[in-house]
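Trainee: my questions concern the predicted model and sequence given below.
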Amino acid sequence: MTNCIRLAIVGGSRGASLGPTLSSMEGKARLEAVCDSNPEALRRWREEYPGVRAYSEFDRLLEDANIDAVYIATPLFLHAQQAIAALRAGKHVLCEVIAAHTLEDGWELIETVEATGLTYMLAENYCYMRSNMLVRNMVEHGLFGDIIHAEGGYIHDCRSLFHHSDGQLTWRGEMMRGYNGNTYPTHSLGPVAQWLRINREGGDSLDSLTTFVSKSEATAKYFAEHVSSDHPGASPAYWKQGDSAVTLIRTKKGAIITLRYDVQSSRPHNMTHYALQGTSGAYLSERAEGENSLVWTEKMSGDGVGHPQWEPLWNRAGEWEHPLWRHWLPEAEKAGHGGGDFFVLREFVAAIIERRKPEIDVYDAVTWSSVFPLSIQSVNGQGAPVKFPDFRYDQHSLKT
């Protein structure tokens, strides 16, 4: 393998967003092939990248010896087994979220990465958003003291993505019918886990969770008004996933994490929904475009006696901007997901070339993604607490 990683994109629709970032990789990575089951998606790729090989079958792509790595951007239920197949075929893997939707798939993914020695990275782009990395830099320099509570939320009305134009359900719609829990957790949990140094030496680890989900009303209302009142989705009984899920996680060091998942309620999109409380400071992310993210710490603003005042987070960017954003800001601002797509791809390629673990490795990927099956287990138990397996150390958990 040369120092220029030959990359294939699996799932052309989402993968198209990586085009601008690939063009900035300065000879370290190039697009070699694309795979999609949709002929129209492949046609668009051929038009934009005439020299790229196109595959309609994933197995055929994996037989291509001139591909070093694959970026998996297919529906989430395919991620784990496609990643495992790619690793066994000798390909490094960058995978969209989530990594796995069952504990069994998560364990198999870990075992495959360990057995092959290849690079696996979760493409959790929210970890690399500018504000999240700025806060991370402040946390790492001790400005918030000991973290006692953190909050993350994925709150995004996605109901228009639940169906095709003829009313047939997409995979997202089918997910709303088949599961009830916190089923898309890593955008919320990923940045928070990094702030708390989950799975890191000297850091913390996730201990247990409990999840409660509201009743289902919003999607039935949407289908009745925007699809057809005769569509079975116009009845709340058609949908299993409740409108809003809240997961409460306790860490082994006694911190609390609150996660909210809501892709059905009628409201504007919250691109970021985070909060952090430490013994010496606090942070609140902006909730809408034009708002300020807010921060306060004793070291910057006083000891908290009297009437402490919030200040805009960006007032502190000059001092606490994360080094990666300080170096790459003009390039990152052009990328999708608040610059996250830019840093995800660069980190993945660098990890392969430098023969090191990526920043978001398979243990992080499976730990964060395990909220999906564990939250469903908790909901089925009327909110009963459920323990996290120790994916990094406790191999016995595979059998329990």
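Mentor: Thanks, I have it. Residues are numbered from 1 along each chain as shown.
Trainee: how far away is residue 382 from residue 373?
Mentor: 17 Å (CB to CB, to the nearest Å). For every residue, glycine as well, the C-beta is placed using N, CA and C.
Trainee: ok, these two, which is more surrounded?
Mentor: residue 373 (20 against 8; other CB atoms under 10 Å).
Trainee: part of a helix, is the more buried one?
Mentor: Yes: judged by DSSP: H, G, I helix; E, B strand; the rest coil, residue 373 forms part of a helix.
Trainee: surely residue 309 forms part of a strand?
Mentor: No: using three-state DSSP, the assignment for residue 309 is coil, not a strand.
Trainee: make sure it is actually in contact with residue 295.
Mentor: No: contact between residue 309 and residue 295 fails when scored by CB atoms under 8 Å: they sit 10.8 Å apart.
Trainee: tell me which of these two has more neighbours.
Mentor: Ranked by neighbour count (other CB under 10 Å), residue 309 and residue 295 place residue 295 first, with 27 against 9.
Trainee: need phi/psi at that one.
Mentor: Phi and psi for residue 295, reported as degrees, to the nearest 10, are phi -140, psi 150.
Trainee: now do the contacts for it.
Mentor: Applying CB atoms under 8 Å, 6 or more residues apart in numbering, we find residue 295 in contact with 135, 138, 281-284, 310-313, 316.
Trainee: now with 7 Å?
Mentor: Contacts were defined as CB atoms under 7 Å, 6 or more residues apart in numbering; by that measure residue 295 touches 283, 311, 313, 316.
Trainee: same question, residue 258
Mentor: By CB under 7 Å, 6+ apart, the contact list for residue 258 reads 151, 246, 248.
Trainee: of the contacts of residue 295, keep whichever come out buried.
Mentor: Burial by neighbour count, judged by 16 or more other CB atoms under 10 Å, picks out 283, 313, 316 from the contacts of residue 295.
Trainee: where does the first one fall, phi/psi-wise?
Mentor: Taking degrees, to the nearest 10, you get phi -140, psi 140 for the backbone angles of residue 283.
Trainee: relative to residue 247, how far out is it?
Mentor: Distance from residue 283 to residue 247, by CB to CB: 20 Å.
Trainee: picking that back up, between the contacts of residue 258, which sits nearest residue 300?
Mentor: Relative to residue 300, the closest of these is residue 151; by CB to CB it sits at 21.1 Å.
Trainee: is the closest one in a helix, a strand, or coil?
Mentor: Residue 151 ends up strand, using three-state DSSP.
Trainee: neighbours of it, how many?
Mentor: 19.
Trainee: the residue nearest to it when sequence neighbours are not counted pairs with what?
Mentor: With CB to CB, 6 or more residues apart in numbering as the criterion, residue 151 has its nearest non-adjacent residue at 3.9 Å, and that residue is residue 275. Residue 275 has the following beta-bridge partners by DSSP bridges: residue 151, residue 284.
Trainee: okay, residue 275: pLDDT?
Mentor: pLDDT for residue 275: 98.
Trainee: and stretch 227-238, average pLDDT?
Mentor: The model assigns stretch 227-238 a mean pLDDT of 98.
Trainee: so which bits of it are buried?
Mentor: 227, 231, 233-234, 236, 238.
Trainee: how about stretch 37-52?
Mentor: So, applying 16+ other CB under 10 Å, buried residues of stretch 37-52: 41-42, 44-45, 49, 52.
Trainee: avg pLDDT for it?
Mentor: Mean predicted lDDT for stretch 37-52 stands at 88.
Trainee: appreciated, that's everything.
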